[in-house]
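Novice: just a sequence and a predicted model for now, questions to come.
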Amino acid sequence: MSQHLCVKYLIFCFATLCMLFTNGACGSAVRDVGEIQGDSIALAHSSLLSIVECDGYTVVDVRNPWKKDIYKRYVLLPKDSAVSNSLPAGTLLRVPLEHVLVFSGVHATLISELGAVDIIDGVCDAQYMYCAQVREGLNTGKVVDCGSSLNVDSERVMEVNPDAVFVLPYENGGYGKLENMKYPFVECADYMEDTPLGCAEWVRFYGRLVGKTVESDSMFFAVCSEYERLSQMVSTVEARPKLLCELKMSSAWYVPGGASTTGRLYRDSGADYFLSDNSSSGSVPLSFEYVLENAAEADIWLVKYNSPENMTLASMLADVGGYAHFKAFRNGEVYGCNTHNRNIFEETSFHPERLLRELVSLFHPAILPGEKPGYYEKIR
């Protein structure tokens with residue numbers, strides 16, 4: 001999924017992330033009492049979450065992204081409340097969380113935006129944490145570097161002693177050393193949602209974990225309103241530029257599936273994405289020949305890459321001479337986002353309206369004239 005909007009999770013920050021492992025906070029036990037009774041929170045776009053406010057606690061269910069059954073159940077109990085035998089079965093989290101270990105730069109950035117960065121006491125894959133406050137904490141020693149997400153430093157994890165560990169689940173995976181430790185996992189399956197706003201709505205779950213319910217709900221409603229306003233602006237345009245994206249990597253050209261969050265974002269921004277009819281919600285490996293046959297006449301070409309030096313048309317051609325056959329390349333309509341210095345994943349996973357605005361201005365400059373790019377710039 002290297003070219004999917006949320007894929008930086010998979011390349012840099014979350015290579016260890018895995019399948020379900022159910023654990024109770026600090027060994028606290030809860031028992032099943034059947035169906036949850038309470039007030040369901042109306043969720044506008046998430047297909048994987050449900051949130052029920054009960055008498056004195058909150059139950060959050062995460063549906064299985066692969067099998068559509070219940071993947072994980074969380075019971076959020078205020079710290080000043082006693083643990084009762086009447087609580088439903090699930091991972092018990094005493095909220096607000098006060099000490100967390102975070103594997104993901106995306107989620108560290110979100111926690112910071114919600115005003116709860118002080119609860120981040122440890123991180124994995126520190127080199128991919130771009131949040132300024134987290135970087136400062138790493139420099140001063142306030143935030144503990146717990147090593148690689150592929151092989152955590154158990155002693156440092158115990159030093160952090162987190163209330164919860166924010167991880168990303170993979171199908172049929174495991175959590176290695178962490179599975180033998182007492183800490184509960186917060187399974188961040190937001191990246192498995194099939195729409196940008198579905199992913200963004202997970203902020204309402206995370207906000208309830210860190211004591212920022214009002215702030216997180218307000219943030220999502222603002223994101224949703226702006227996203228829908230922007231997509232409405234281009235919903236009736238007839239001239240939609242044909243769009244090609246990403247680069248050939250080794251033997252395959254990986255592009256977002258037509259049913260992925262990125263594919264949906266391209267449609268909502270008024271582009272004619274060349275793979276829009278594809279039904280995959282993940283990344284799709286294509287042959288160079290297939291892409292050339294189906295996207296040689298694309299008007300605009302978007303690429304994401306990570307390099308200390310900015311890409312040029314010459315460097316692209318040096319890598320793959322066949323790029324010269326694409327109209328967008330010949331016309332100089334190639335736009336790149338260098339993730340080495342542009343934090344597109346951290347800043348837009350829960351703010352898809354920011355990227356949508358930039359894409360609308362790029363594809364339809366007459367609709368949003370004078371916009372300055374924040375992520376993509378023309379490759380020359």
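Specialist: Structure's in. What do you need?
Novice: can you pull the contacts of residue 177?
Specialist: Listed by C-beta atoms under 8 Å, 6 or more residues apart in numbering, the contact set of residue 177 reads 151, 152, 154, 157. Quick note: C-beta positions are derived from backbone N, CA and C, even for glycine.
Novice: change it to 10 Å
Specialist: Applying C-beta atoms under 10 Å, 6 or more residues apart in numbering to residue 177 gives the contacts 16, 147, 151, 152, 153, 154, 157.
Novice: count of neighbours near the fifth one?
Specialist: In this case it means residue 153. If you count neighbours by other C-beta atoms under 10 Å, residue 153 ends up with 16.
Novice: ok, the second one next?
Specialist: Other residues near residue 147 number 19, with proximity taken as other C-beta under 10 Å.
Novice: distance of it relative to residue 155?
Specialist: 10 Å (C-beta to C-beta, to the nearest Å).
Novice: residue 107 - how many residues pack around it?
Specialist: A total of 28 residues lie near residue 107 under the criterion other C-beta under 10 Å.
Novice: what pLDDT does the closest residue to it other than its chain neighbours get?
Specialist: Spatial nearest neighbour of residue 107, excluding adjacent residues (C-beta to C-beta, 6 or more residues apart in numbering): residue 166 at 5.1 Å. Looking at residue 166, its pLDDT reads 97.
Novice: now residue 150
Specialist: Model confidence at residue 150, given as pLDDT, is 84.
Novice: does it touch residue 178 like I think?
Specialist: No - between residue 150 and residue 178 there is no contact under C-beta atoms under 10 Å: 11.5 Å.
Novice: which of the two has more neighbours?
Specialist: residue 178 (24 against 12).
Novice: hang on, the more buried one in a helix?
Specialist: Yes - counting by DSSP: H, G, I helix; E, B strand; the rest coil, residue 178 is part of a helix.
Novice: pretty sure it contacts residue 164?
Specialist: No - look at residue 178 against residue 164 with C-beta under 10 Å: they stay out of range, at 11.4 Å.
Novice: give the next helix or strand downstream of the lengthiest helix in the chain.
Specialist: The helix that spans the most residues within the chain, counting by DSSP state H, is helix 213-233. Once the chain leaves helix 213-233, the next helix or strand it forms, by DSSP states H and E, is strand 242-245.
Novice: what lines up beside that next one in the sheet?
Specialist: strand 272-273 (parallel), strand 300-305 (parallel) (DSSP bridges).
Novice: those: which one's closest to residue 70?
Specialist: Checking the strands paired with strand 242-245 against residue 70 by C-beta to C-beta gives strand 272-273 as the closest, at 33.2 Å.
Novice: tell me which of the strands paired with strand 242-245 sits nearest to residue 76.
Specialist: With C-beta to C-beta, the closest approach to residue 76 among these belongs to strand 300-305: 35.5 Å.
Novice: give me the mean pLDDT for the closest one.
Specialist: Strand 300-305 shows a mean pLDDT of 98.
Novice: report the distance from it to the chain centre.
Specialist: How far strand 300-305 lies from its chain's middle: 19 Å, per C-alpha atoms, centre = their mean, to the nearest Å.
Novice: restrict it to CA atoms and write it as PDB.
Specialist: Below are the C-alpha coordinates for strand 300-305, written out as PDB (Å, rounded to 0.1, in the frame of the first residue of the first chain):
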ATOM      1  CA  ILE A 300      -2.000  15.300 -14.600                       C
ATOM      2  CA  TRP A 301       0.400  13.000 -12.800                       C
ATOM      3  CA  LEU A 302       0.700  13.000  -9.000                       C
ATOM      4  CA  VAL A 303       3.600  11.200  -7.300                       C
ATOM      5  CA  LYS A 304       4.700  10.800  -3.600                       C
ATOM      6  CA  TYR A 305       8.300   9.900  -2.800                       C
END
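Novice: would you map the helices across the chain?
Specialist: So, for the chain - with DSSP H - the helices run 8, 105-113, 132-140, 154-160, 196-200, 203-209, 213-233, 261-268, 288-295, 313-319, 327-330, 344-348, 352-363.
Novice: ok, and what's touching the fifth one?
Specialist: Identification of contacts with helix 196-200 by C-beta under 10 Å, 6+ apart yields 5-6, 43-49, 106, 110, 189-193, 219-220, 223-224, 227-228, 231, 260-262, 264-265, 268, 348-353, 355-356.
Novice: next, count neighbours for residue 138.
Specialist: A count of nearby residues for residue 138, using other C-beta under 10 Å, gives 18.
Novice: against residue 127, how distant is it?
Specialist: Taking C-beta to C-beta, one finds residue 138 at 10 Å from residue 127.
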